[in-house]
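[1] what's the 3D shape of this:
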Amino acid sequence: MMNSKLPETGTTIFAVMSNLAHEHNAINLSQGFPSFNPDQALLDLITHYLNNDGNQYAPMVGVPSLRKAIADKVSMLYGRSVDPDTEVTVCDGATEGLFSAIQATVHPGDEVIVFDPAFDSYEPAVTLAGGKTVHIPLIETADNPDYHIDWDRLENSLNERTRLLILNFPHNPSGAILEAEDLDRLAAIVRDTNVYLISDEVYEHIVFDGADHQSFARHDELWERSFVISSFGKTYHATGWKVGYCVAPPALTDEFRKIHQWVCYAVVSPIQYAIADYMVKTPEHYKALPAFYEEKRDRFCDLVSGSRFKFRPSKGTFFQILDYSDITDEDDASYAKRLTREIGVASIPISVFCEKIPNVRELRFCFAKDDNMLEKAAERLCRL
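    Predicted coordinates:
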């Protein structure tokens, strides 16, 4: 019998719910992927490079044209001048970027703080590095009913073993976002420590209601200790391509690349070349993304407004949390599976993102779907 390095790890909930949705021919609003294709112009660029010498190994750090396009975007959006050669690395999806950053930072015995609900890939990577994951729940308060960080609890949780904080905003699963003052508060807390930061910003372009995304690249003090990680899959409706990037100061990037080169070495070449061209030729795509998904959020919320679910419209990402406490007191994992089997709508239970099961009755629904799919799903949800 093999001695497992991750004995408590089973099949991810995303695979479980997608498989259950397939088994019952349900509308799959569980796993976070769009039901629509990328822009045909981007697909045509990939075809071009497939047929024109774009099929061999890319440079380990990413093709130069894509790294330059990323650096230009970071400068334009966040005012941070970054060197494409020493501060930008193309990753095999954001998940690989997160894994490589964790492995580069965490040593045996180190503590890593995550904020529950937390994406499920963080803790296994910490465990494989020999670290310990410390979970701090996000809170909801009377003056701020959206999920947010308990800054006092965070400050009191830091100790000499704390090596890394992992933050994810816009937040999956809740859609919560950071404000500019949150970056200042975080900077004050970590100022006199040796703590590094991973900012998981894969939904950076999906922020609603006129808000600005508060990237750690904006903040001089946070930037010096941060790995900022993003995803082209979320931005260009192409989650299956698994192409992302990490932007970090040179010293951090150097350590990051030492891990990255042994995890995947290089990322798929024709897609890198195509995305680079598309970013230069079509910057309006990611600039229009907030309005595109805000319309879908509003559509989904309007469709379920007559249901027994309670909700606050998401402030970012393409996920909407629905509170079912007026319908049943059943635990969220059981209820999500039952809805998939009985009414044919699949979702994700919030408890799978948490170390301790929270005292809430909430499910996450993905609204990155065509209107027909959202309408059919909402009609079924409104019957409950």
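[2] Format the CA atom coordinates belonging to stretch 202-218 as CSV.
    Output of stretch 202-218 as CSV, limited to C-alpha atoms (Å, rounded to 0.1, in the frame of the first residue of the first chain):
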residue,chain,number,x,y,z
VAL,A,202,-8.1,35.3,-11.7
TYR,A,203,-11.4,37.3,-11.7
GLU,A,204,-9.6,40.7,-12.0
HIS,A,205,-11.7,41.8,-15.0
ILE,A,206,-15.0,40.7,-13.5
VAL,A,207,-15.9,43.5,-11.1
PHE,A,208,-19.4,45.1,-11.1
ASP,A,209,-21.3,48.3,-10.4
GLY,A,210,-18.5,50.7,-11.4
ALA,A,211,-16.0,49.4,-8.8
ASP,A,212,-12.3,49.1,-9.5
HIS,A,213,-10.3,45.9,-9.0
GLN,A,214,-7.9,46.5,-6.2
SER,A,215,-4.9,44.5,-7.5
PHE,A,216,-1.9,44.2,-5.1
ALA,A,217,0.1,45.5,-8.1
ARG,A,218,-1.5,48.9,-7.3
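[3] how far is it from where the chain is centred?
    Between the centre of stretch 202-218 and the centre of its chain there are 12 Å (C-alpha atoms, centre = their mean, to the nearest Å).
[4] what's the answer for stretch 22-31, then?
    Worked out by C-alpha atoms, centre = their mean, stretch 22-31 lies 21 Å from the chain centre.
[5] again, but for stretch 244-259
    18 Å.
[6] if you average pLDDT over that stretch, what comes out?
    Mean pLDDT, computed over stretch 244-259, is 98.
[7] buried set for it?
    Judged by neighbour count using 16 or more other C-beta atoms under 10 Å, the buried positions of stretch 244-259 are 244-249, 252-253, 255-257, 259. In this view, the C-beta of every residue, glycine as well, is placed from N, C-alpha and C.
[8] and these as TSV, adding secondary structure and distance to Arg380?
    Converted to TSV, the buried residues of stretch 244-259 look like this (DSSP: H, G, I helix; E, B strand; the rest coil; distance: C-beta to C-beta, whole Å):
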residue	secondary structure	distance to Arg380
Gly244	strand	34
Tyr245	strand	38
Cys246	strand	40
Val247	strand	42
Ala248	coil	44
Pro249	coil	49
Leu252	helix	47
Thr253	helix	47
Glu255	helix	49
Phe256	helix	45
Arg257	helix	48
Ile259	helix	45
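[9] out of those, which one sits closest to Arg218?
    Proximity of the buried residues of stretch 244-259 to Arg218 (C-beta to C-beta) peaks at Val247, which lies at 11.9 Å.
[10] so where's this structure uncertain?
    Nowhere does the chain drop to pLDDT under 70.
[11] Which helix runs longest in it?
    Scanning the chain for the longest helix, with DSSP state H as the assignment, gives helix 284-304.
[12] C-terminal to it, which secondary structure element comes first?
    Next in sequence after helix 284-304, counting helices and strands by DSSP states H and E, comes strand 319-323.
[13] Residues contacting that following strand, please?
    The contact list for strand 319-323 (C-beta atoms under 8 Å, 6 or more residues apart in numbering) reads 32, 172-175, 297, 300-301, 304, 309-314, 347, 350, 360-367, 381.
[14] what domains does the record give for this structure?
    As assigned by automatic domain parsing, the chain contains the domains 13-38+285-381, 41-281.
[15] and those as JSON lines, adding distance to Lys5?
    Formatted as JSON lines, the domains of the chain follow (distance: least, C-beta to C-beta, whole Å):
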{"stretch": "domain 13-38+285-381", "distance to Lys5": "19"}
{"stretch": "domain 41-281", "distance to Lys5": "6"}
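[16] Met1 is nearest to which of the ones you listed?
    The nearest among these, by C-beta to C-beta, is domain 41-281 at 19.5 Å.
[17] measure that closest one end to end?
    The first and last residues of domain 41-281 sit 10 Å apart, counting by C-alpha to C-alpha, to the nearest Å.
[18] ok, now stretch 112-132?
    End-to-end for stretch 112-132, by C-alpha to C-alpha: 6 Å.
[19] mind listing the helices for the stretch 51-200 of the chain?
    64-78, 93-105, 122-128, 151-157, 180-190 (DSSP state H, counting those that start in this stretch).
[20] highest average neighbour count across the ones you listed?
    helix 93-105 (a mean of 24; mean count of other C-beta atoms under 10 Å).
[21] Residues touching stretch 7-21, excluding its own?
    Under C-beta under 8 Å, 6+ apart, the answer for stretch 7-21 is 26-28, 30-32, 120, 124, 336-337, 340-341, 346-349, 352.
[22] sec struct for the most centrally placed residue in the chain, please.
    Centroid check for the chain by C-alpha atoms, centre = their mean gives Val202 as the closest residue, at 4.4 Å. Classification of Val202 by DSSP: H, G, I helix; E, B strand; the rest coil places it in coil.
[23] OK, contacts around the closest residue to it other than its chain neighbours?
    Closest residue to Val202 apart from its sequence neighbours, by C-beta to C-beta, 6 or more residues apart in numbering: Ser231 at 3.9 Å. Residues counted as contacts of Ser231 (C-beta under 8 Å, 6+ apart) are 93-94, 202, 243-244.
[24] and Cys365, how far is that from Leu303?
    Residue 365: Phe, not Cys. Taking C-beta to C-beta, to the nearest Å as the measure, Phe365 falls 11 Å from Leu303.
[25] can you check Ser226 too?
    Ser226 is 38 Å from Leu303, by C-beta to C-beta.
[26] These two: which has the busier surroundings?
    Comparing Ser226 with Leu303 by neighbour count (other C-beta atoms under 10 Å), the higher total belongs to Ser226, at 23 against 19.
[27] All good on my end, thank you.
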